[in-house]
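Asks: Just need the structure, nothing else, for what follows:
(one chain, ligands or ions: 1)
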Amino acid sequence: MRPVTDAPRHPALRDAAPAVFWLDDPQAPPAQPPLVSQTECDLAIVGGGFTGLWTALLAKQRNPALDVVVLEARRSAAAASGRNGGFCDASLTHGFANGLSRFAAELHTLERLGVENLDAIESTVRDHEIDCNFERTGMVDVATASWQYADLIEVAEAMRAHGYRVDVLDLEAMRAEVASPLYQGGLWIHDRTAIVNPARLAWGLRRVCLDAGVRLHENTAVTRLSAETERIRLTTAHGSVVARRVALATNADRPLLKRLRPYILPVYDYVLVTEPLTAVQLASVGWSNRQGLGDSANQFHYYRLTADSRILWGGYDAIYHFGNRVDPRLEQRARTFDKLAGHFFATFPQLSGVRFTHRWGGAIDTCSRFCAFWETSHGGRVASSLGYTGLGVGASRFGAQVMLDLLEGRRTERTALRMVRTRPLPFPTEPLRFGIVQLTRWSLDRADHNGGRRNLWLRALDLAGVGFDS
Ligand SMILES: Cc1cc2nc3c(=O)[nH]c(=O)nc-3n(C[C@H](O)[C@H](O)[C@H](O)COP(=O)(O)OP(=O)(O)OC[C@H]3O[C@@H](n4cnc5c(N)ncnc54)[C@H](O)[C@@H]3O)c2cc1C
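Replies: Alright, predicted model coming up:
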């Protein structure tokens, strides 16, 4: 068996750096100093990705006098927020279909709140001049098999009933948008997706937070959360923070609160980025509307253009490691990169000869319902927002709003949602957990190669309302 960190073999990957394209940027800000003292504050936030940064920024907007401290184990945007596909979606429920299957009665509200959330992200980017190539291009769900096309037609009707502006694209119309011999059709969902440079968005939010007086300590891992009279202490290697309220925004990393651990499963997702395409290469693909693209199989690819006309190509393999392992060494996986490169050239054979410049992976905080859940503890003084699965770039802002509502003890339209009041089912403990994930992945792969037909195991999971996704 090939070791996880050996070099990929595909010739197009020969010069690809084992690095995140978005973070390989001269605009990356210098680190804020680690915490080396004992301090106090009103609100302490653990985690400096999108969830943590939005929590800090929105808290300051609600009350500029609030003293806010963010503690980040690595650097802001070093984890999922700086290494994702950059699809900033209005959906709060990991897509319309998942929302419909779980929260049908309140889906109209969730969809409206999701669009308001995306609008608010766009306004923040504009008002604070965050240079993150925010382009509200919309998204095309692509069918690469006839069963997928039939599903898209069905979902289009349901989407229209919920106010979506969508166009079903038949084979010719799809290939006229983006040219691939694999395409059988597509569903163009207008308005509800923006493509962004996610690291620049995170760094922009970080800058706005610092300007608003938020204290950020990077390279500062919180090792312990403990209760003191009326307050919470967060302990780090060289200091501590005593806070009136604490927001936990730690995504796929091991949760500080033991009670949260059964709900999160770190799943590694992998991404490639090509060199910039020449005008001739780009013309051979079309793609002049620059939509985000995703294929509609259970194991799916997501792909998009960057500002300098590269193609970012990710997804398909979603790898879980025994015991919820999270480790920077797992961010490289030669087998998956080779597979992704092969799929890329099968999709775009006209780009033969194009090379990849970057390859990387990152951990996703999968939960069994595929969308965020919230938890409070310590008499309402601690809140968490976790479980976005693969769609947290936009939803993290909503997650932050909910955490602040909960920490302030406010009853709002958000906190009244069933989605907010309920939790996903927990995953079983090891070794059952690992076995179940492997069986589910195998079954999903079989379904993709068998006209979408779901075996007994997948149907049982569907009935129980649980699953595995990225
Ligand atoms: C490869 C990949 C592709 C993706 N593509 C998309 C996409 O296209 N669209 C989309 O919507 N979503 C996507 N996602 C998911 C999305 O990136 C996340 O949902 C989102 O970034 C979550 O933000 P966050 O702030 O909650 O988590 P993170 O950005 O992971 O931040 C959590 C932070 O907490 C810190 N931390 C953890 N524990 C501690 C501790 N004890 N002390 C201090 N700090 C701690 C970590 O260092 C980390 O920086 C993708 C994810 C990956 C990995």
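
Asks: helix, strand or coil for Trp442?
Replies: With DSSP: H, G, I helix; E, B strand; the rest coil as the basis, Trp442 sits in helix.

Asks: ok, the helix or strand hosting Met403 near the ligand or not?
Replies: Assessed by DSSP states H and E, Met403 sits inside helix 395-408. Yes - contact of helix 395-408 with the ligand (CB under 6 Å from any ligand atom) involves Ser396. From N, CA and C alone the C-beta is placed, and that goes for glycine too.

Asks: by contact count, what packs against that helix?
Replies: Helix 395-408 sits against helix 50-62, helix 107-127, strand 239-248, strand 373-377, strand 382-386, with contacts defined as 3 or more CB pairs under 8 Å, 6 or more residues apart in numbering; DSSP states H and E.

Asks: try it again with 6 Å
Replies: Here helix 395-408 touches helix 50-62, helix 107-127, strand 382-386, going by 3 or more CB pairs under 6 Å, 6 or more residues apart in numbering; DSSP states H and E.

Asks: which strands and helices sit next to the worst-scoring helix or strand of the chain on mean pLDDT?
Replies: One helix or strand of the chain scores below all others by mean pLDDT, DSSP states H and E: helix 456-464, with a mean of 87. Using 3+ CB pairs under 6 Å, 6+ apart as the contact test, no helix or strand touches helix 456-464.

Asks: So which bits of it are buried?
Replies: Neighbour-count burial for helix 456-464 flags 458, 461 (criterion: 16 or more other CB atoms under 10 Å).

Asks: could I get it in CSV with only the CA atoms?
Replies: C-alpha atoms of helix 456-464 as CSV (Å, rounded to 0.1, in the frame of the first residue of the first chain):
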residue,chain,number,x,y,z
LEU,A,456,-30.2,-1.4,1.7
TRP,A,457,-27.6,0.2,4.0
LEU,A,458,-28.0,3.7,2.4
ARG,A,459,-31.8,3.4,2.5
ALA,A,460,-31.6,2.5,6.2
LEU,A,461,-29.5,5.6,6.9
ASP,A,462,-31.9,7.7,4.8
LEU,A,463,-34.8,6.4,7.0
ALA,A,464,-32.8,7.3,10.2
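
Asks: OK, contacts around the residue of the stretch 201-350 of the chain found nearest the ligand?
Replies: The ligand sits closest to Asn251 of the stretch 201-350 of the chain, with a gap of 3.1 Å, by CB to the nearest ligand atom. Neighbour list for Asn251: 80, 365 [criterion: CB atoms under 6 Å, 6 or more residues apart in numbering].

Asks: want to try TSV for the helices and strands packed on helix 395-408, with mean pLDDT and mean neighbour count as columns?
Replies: Output for the helices and strands packed on helix 395-408, formatted as TSV (pLDDT from 0 to 100; neighbours: other CB atoms under 10 Å):
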stretch	mean pLDDT	mean neighbour count
helix 50-62	98	25
helix 107-127	98	17
strand 382-386	98	27
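
Asks: Mind checking these for the one nearest to the ligand?
Replies: helix 50-62 (3.5 Å).

Asks: Tell me the spacing between Leu66 and the ligand.
Replies: Leu66 sits 20 Å away from the ligand, going by CB to the nearest ligand atom, to the nearest Å.

Asks: cool, and Asp131?
Replies: With CB to the nearest ligand atom as the criterion, Asp131 and the ligand are 19 Å apart.

Asks: Mind putting the helices and strands packed on helix 395-408 into a markdown table with distance to Val285?
Replies: Below are those laid out as a markdown table (distance: least, CB to CB, whole Å):
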| stretch | distance to Val285 |
| --- | --- |
| helix 50-62 | 30 |
| helix 107-127 | 27 |
| strand 382-386 | 37 |
